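Novice: no sequence for this one, just the structure:
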């Protein structure tokens, strides 16, 4: 029995809890259904929305006392995002046109302006600049920076953009400044943008509120309408729409529509932007034309539609392309035939070429061998020519020493001096061989700081006896100034000087000049050092001047390597070697060598 009583009590508790839940849900539903939630597009902020739509909201509160009428000022994006929480929407005609297709809303009334009497045209756009602006007509707006509130705003952008494209098809640079639309006016007056777009009557409303003087602005493309007293650039479009959101019962929507249409005409708080009453929904065909002209949703074309339109508009061009393609393919076929025929000819020629290549390979091997032999000949000739000079000097010093010994005039000092000279020439020959070996192995020369005066002293001493044998005199005046230092390979540079003196001596003797004088000069300027050798020979014929530096070329029966080797050495020292005729007679050989900063410093220090 107790168990039965406990079960009955538990059942009663569960039943009571269910009753409470159902009652709470019913109360919540009743509260939700007793509200009229209206979303209003705010283009002037909350205060502006109150002045424009406040009378309509208060009228609905009076007509529907059983409902709690509330409204919220929202942006274009907020209306789309919060439409599920609203019952009705008040917005501009362009936005309402798109909401019909995206959210399925429906128009139940159209607002009628208080100030203007054109019931079918209650909204437009105005394009304006500062009074002193250089933009005077639509054509001047190409690339202009124009302030707007949003790229989706109908009166604040799209209507004016459509008008610009209709008249001049210019491209502007829209600068989005955001709501409220007063931001656009301020940006134009402050010079932040060149022009602005706003809905018609906004400028007059700001002027009436002493927030703006119309004299500060210039209206572009101003149109006239006796029933529309506001300045406007575009044609006029239907007024703002009162929309029913899906989910609102048809009965409630009908009652609200009847109430709006029965609303008595009243004076508005804002005579320029306020609305006095509502009329039956107007035709929005003109609004639809704007979206179609700008190719905006739902008239933005997809890729297949774009392709179909393009094909239809370019039929002649496509026909020409087809004919050209046909001609091209015929040409390709003809070329293919020619290529195949040519390929057969090339195959036959390639076999002949392969045989010729095999013969060429054999010839190349033979030429390579001949090149090696030629290089060996040049090397041997250079060695024979350049070793001849120190060996000749050794022979001269030894002969002089032998004569003194025979006459009994060779004292100890003379013996030491001559033997030192013989040893020096032997060392010079050894240094030349080492320098040539380094050159052949692509090694850098052994360069060191050398006083050019001492180098030329040694060269003159070497060549003086040889010149005297041939009845010539070497004239060399050692500069008395401070040392002339240069970083060079002294063996190679001495070799160049000997070659130039030897050539000058040979030219003088060959010309038959008695007691000929060969002059050796050393001069220094700011950046270069010059060594000059002048002879009294017959000079170099003009037709042979370009050949004197070629290897194995000689006009006197020698190997013809002296000047070629000297030119290569001077070039390796970044200098120049030139031969040119003297004004009187003979030839002038001039060696010009650059002085580095180190050479200059060492020269000045000494």
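Specialist: Okay, I see it. Please read all numbers here as calculations on a predicted model, not as lab measurements. Residues are numbered from 1 along each chain as shown.

Novice: just the element for the residue nearest to residue 532 when sequence neighbours are not counted, please.
Specialist: Spatial nearest neighbour of residue 532, excluding adjacent residues (CB to CB, 6 or more residues apart in numbering): residue 521 at 4.3 Å. Any C-beta I mention is one placed from the backbone N, CA and C, and that applies to glycine too. Using DSSP states H and E, the element containing residue 521 is strand 516-524.

Novice: what packs against the helix or strand just after that strand?
Specialist: Per DSSP H and E, the first helix or strand lying C-terminal to strand 516-524 is strand 528-534. Packing partners of strand 528-534 (3 or more CB pairs under 8 Å, 6 or more residues apart in numbering; DSSP states H and E): helix 452-469, helix 490-510, strand 516-524, strand 587-594.

Novice: which residue is nearest the middle of this structure?
Specialist: For the chain, the residue nearest the mean C-alpha position is residue 143 (23.9 Å; CA atoms, centre = their mean).

Novice: that one and residue 156, how far apart?
Specialist: Applying CB to CB, to the nearest Å, the value for residue 143 to residue 156 is 21 Å.

Novice: also residue 77?
Specialist: For residue 77 relative to residue 156 (CB to CB), the value is 14 Å.

Novice: cool, residue 179 as well?
Specialist: When residue 179 is compared with residue 156 (using CB to CB), they lie 9 Å apart.

Novice: likewise residue 281?
Specialist: Taken as CB to CB, the span from residue 281 to residue 156 is 22 Å.

Novice: hmm, back to that, deepest-packed of the helices and strands packed on strand 528-534, please.
Specialist: helix 490-510 (a mean of 23; mean count of other CB atoms under 10 Å).

Novice: that one - what's its average pLDDT?
Specialist: Averaging pLDDT along helix 490-510 yields 85.

Novice: need the contact list for the residue nearest to the centre of the chain.
Specialist: Contacts for residue 143 (CB atoms under 8 Å, 6 or more residues apart in numbering) come out as 171, 172, 173.

Novice: highest neighbour count among the residues you listed?
Specialist: Counting neighbours by other CB atoms under 10 Å, the top entry in the contacts of residue 143 is residue 172, with 19 neighbours.

Novice: from residue 124, how far out is it?
Specialist: 18 Å.

Novice: residue boundaries of the helices in the stretch 51-200 of the chain?
Specialist: 76-82, 93-102, 159-167, 182-190 (DSSP state H, counting those that start in this stretch).

Novice: now residue 475: which helix or strand?
Specialist: Going by DSSP H and E, residue 475 is in strand 472-476.

Novice: which elements pack onto that strand?
Specialist: Checking 3+ CB pairs under 8 Å, 6+ apart, strand 472-476 ends up next to helix 452-469, helix 490-510, strand 516-524.

Novice: nearest to residue 388, of the helices and strands packed on strand 528-534?
Specialist: Among those, helix 490-510 comes nearest to residue 388, with 9.5 Å by CB to CB.

Novice: gap between that closest one and the chain center?
Specialist: Centre-to-centre, helix 490-510 and its host chain are 59 Å apart (CA atoms, centre = their mean, to the nearest Å).

Novice: same question, stretch 450-458
Specialist: 58 Å.

Novice: for stretch 239-253, same thing?
Specialist: The answer for stretch 239-253 is 57 Å, by CA atoms, centre = their mean.

Novice: could you give me the buried positions within that stretch?
Specialist: Neighbour-count burial for stretch 239-253, counted by 16 or more other CB atoms under 10 Å, picks out 239, 240, 241, 242, 243, 244, 245, 248, 252, 253.

Novice: and for stretch 137-145?
Specialist: Quick answer for stretch 137-145 (16+ other CB under 10 Å): 138, 140, 141, 144.

Novice: need the pLDDT of the residue nearest to the centre of the chain.
Specialist: Looking at residue 143, the pLDDT reads 90.

Novice: can you give me phi and psi for it?
Specialist: phi 80, psi 10 (degrees, to the nearest 10).

Novice: residue 295 versus that one, what's the distance?
Specialist: Taking CB to CB, one finds residue 143 at 21 Å from residue 295.

Novice: same question, residue 235
Specialist: From residue 235 to residue 295 the distance is 19 Å (CB to CB).

Novice: neighbour count: those two, which is higher?
Specialist: Applying other CB under 10 Å to residue 235 and residue 295 shows that residue 235 carries more neighbours, namely 17 against 10.

Novice: so the more buried one touches residue 286, yeah?
Specialist: Yes: in this structure, residue 235 is within contact of residue 286 by CB atoms under 8 Å, at 6.9 Å.
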